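Asks: my questions are about this predicted structure, shown below with the sequence.
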Amino acid sequence: MMKDARSVWLTIAICFFLVPGTSQGGDGGALKTYPETLEAKPEIASPFSHRGGEEMVVAFLRDLNRYAVVPVTVENGEPRLYSSKIRSLFGKDRQLWVDAGDFPDLARTGLHDETALDGKNMITGYPVEIINCIARPRAFSYAGFLAADEDILSVLKVDNRRVRRMGMTHPQLARPLFHVWNMVLAQIAAGRLNRFSEFEYVLYNGGRVNIRAEGGKGWQVSIFQDEIQGKFNITVQRDPLPAESAFLEERYVHLKEAEKEDLVRRLTTVQFSEMVPFYIMRYGFYEGHTEFRADPIALAFIFGLRTLKELDALCDGDLLSALTAHFTE
C-alpha cells in the first residue's frame with residue numbers, strides 16, 4: 001500500500017503463504033492446511049516446522065469460528081510483479097536475500113559491523129545523502145521512512161546495537177513479519193482475500209497476536225531504489241498478559257497516565273507495510289521514528305521472542321525512552 005494511504009484497516013490474524021492442500025505431520029499423518037479449516041484448535045506448537053522443514057502457524061478464522069494450519073515458509077519464491085489486477089503476480093520474491101555487496105557482515109552473521117557503517121557513503125549504488133533526503137517526511141512518502149532529524153546510518157547502527165544486545169539477529173526479527181506477509185499471500189493465492197480478511201489472530205510462541213491489514217490502490221516505491229515496493233498496511237498487536245501489565249504498572253509508576261498509555265501502545269503495536277521485512281532482512285533497517293517504525297523491541301515483545309523483563313533490562317529500565325528517542329548520533 002502507499003505509505004501515505006494508511007488510515008483504513010481490516011482485521012486479519014497471522015497465517016502464512018501456501019498453496020491449498022495437505023502437509024505431512026511430524027507423526028507421519030496428513031495435516032490439513034489452509035484453506036482447509038479445523039473445528040478445534042490443534043494441539044501443536046505455533047510456529048512450528050514439520051519434518052520437511054516447512055514453517056507453519058495456527059490461526060483463528062473469525063467468521064467461520066474455526067482454526068487453520070497455514071504454511072508460511074520464509075523462502076526465495078516467485079518474483080513480485082507489481083500489478084494489483086493479476087492475483088498470480090503476488091509472489092514471495094527474494095525473502096532470504098541479503099545485500100552482501102553493501103553489508104558483507106550482515107550477510108555472513110545477521111548483524112552489521114558498526115565500524116564498517118561509520119565509513120559508509122553509498123548503499124545500493126546511491127549516496128547516503130540522497131537516501132537520507134528521500135527517506136525523510138514529505139519526500140518519497142508523506143510520513144517518511146526516517147524522522148526529520150534522523151539519518152539512515154545512525155538508525156542502522158543503533159538498531160543493530162540493540163538487536164545484538166538482545167542476543168538476536170536481523171533475520172530472526174524479520175521472520176515473524178515475513179510470516180505475516182506470507183499469510184496475506186496465502187489468502188491471495190486461495191482467492192480469499194476480500195475487503196475483510198477471515199483471519200482474526202495467530203497463535204505465536206504461546207501468545208495471541210492480532211493483525212489488521214488492507215491493500216491500497218497504488219504502490220510505495222523504495223528509498224533504496226531497489227525492486228521492493230509496498231501496497232499493504234498491516235498492524236500486529238498483542239495485549240499484555242496480566243503479569244506483564246502488573247510489571248509495567250509497578251516498574252513505571254512514576255510515569256504520567258498518558259505516558260504509560262504511550263509506552264503500552266508502542267510496546268504492543270507495530271504498523272508496517274510488506275516492505276519492512278524485506279528491509280530488515282536485506283539491510284537491517286526497521287525504519288526510523290515515524291508512526292510506521294517496526295521497532296525491534298516491540299517485535300521481540302509482540303512475537304514472544306524475548307520476555308518483558310529481559311527487554312526492560314536491555315533498556316536499562318527505561319522502555320519509554322528506548323521506544324521514543326530519535327537516533328541522531
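Replies: Happy to help now that I have it. Numbering: from 1, shown residues only.

Asks: what's the pLDDT at the nearest residue to Phe247 once chain neighbours are set aside?
Replies: Spatially, and ignoring its direct neighbours in sequence, Phe247 is nearest to Leu308 (5.9 Å; C-beta to C-beta, 6 or more residues apart in numbering). C-betas here are computed from N, CA, C, even on glycine. On pLDDT, Leu308 comes in at 98.

Asks: go ahead and confirm Leu308 touches Ala246.
Replies: No: applying C-beta atoms under 8 Å as the test, Leu308 and Ala246 come out as separate, 10.4 Å apart.

Asks: of these two, who's got more company?
Replies: The neighbour comparison of Leu308 against Ala246 (other C-beta atoms under 10 Å) goes to Leu308, with 19 against 11.

Asks: state the distance from Ser321 to Cys315.
Replies: Distance of Ser321 to Cys315, computed by C-beta to C-beta, to the nearest Å: 7 Å.

Asks: comparing these two, which residue is more hemmed in?
Replies: Under the criterion of other C-beta under 10 Å, the comparison of Ser321 against Cys315 puts Cys315 first, with 16 against 11.

Asks: what's the neighbour count on the residue lying closest to that one once chain neighbours are set aside?
Replies: Distance criterion C-beta to C-beta, 6+ apart; nearest residue to Cys315, sequence neighbours excluded, is Ala322 at 3.9 Å. Neighbours of Ala322 under the rule other C-beta under 10 Å: 20.

Asks: measure Ala322 to Leu177 for me?
Replies: In terms of C-beta to C-beta, Ala322 sits 20 Å off from Leu177.

Asks: from the chain's centroid, how far away is stretch 136-148?
Replies: 19 Å (C-alpha atoms, centre = their mean, to the nearest Å).

Asks: what's in contact with it?
Replies: 2-4, 6, 132-135, 150, 152, 155, 220-221, 223, 287-292, 326 (C-beta atoms under 8 Å, 6 or more residues apart in numbering).

Asks: picking up where we left off before, the residue nearest to Phe247: what's it in contact with?
Replies: Contacts of Leu308 by C-beta under 8 Å, 6+ apart are 240, 244, 247-248, 301.

Asks: state the phi and psi torsions of it.
Replies: phi -60, psi -40 (degrees, to the nearest 10).

Asks: try Arg212
Replies: Per degrees, to the nearest 10, the backbone of Arg212 is at phi -120, psi 140.

Asks: that one: neighbouring residues, count only.
Replies: 18.

Asks: now it: how far from Arg251?
Replies: From Arg212 to Arg251 the distance is 29 Å (C-beta to C-beta).

Asks: try Gly230
Replies: 36 Å.

Asks: which one's more surrounded, these two?
Replies: Gly230 (26 against 15).

Asks: quick check, that one in a helix?
Replies: No: according to DSSP: H, G, I helix; E, B strand; the rest coil, Gly230 belongs to no helix; its state is strand.

Asks: so it sits against Gln271, correct?
Replies: No: between Gly230 and Gln271 there is no contact under C-beta under 8 Å: 12.0 Å.

Asks: mind checking the SS state of Gly218?
Replies: Once three-state DSSP is applied, Gly218 turns out strand.

Asks: give me the buried positions along the helix or strand encompassing Glu214.
Replies: Per DSSP states H and E: Glu214 is located in strand 207-221. In terms of neighbour count (16 or more other C-beta atoms under 10 Å), strand 207-221 has its buried residues at 207-216, 219-221.

Asks: again, but for stretch 304-320
Replies: 305-306, 308, 311-312, 314-315, 319-320.

Asks: chain center to it, what's the gap?
Replies: For stretch 304-320, the distance to the chain centre is 19 Å (C-alpha atoms, centre = their mean).

Asks: again with stretch 263-272
Replies: On C-alpha atoms, centre = their mean, the centre of stretch 263-272 falls 12 Å from that of its chain.

Asks: cheers, nothing more for now.
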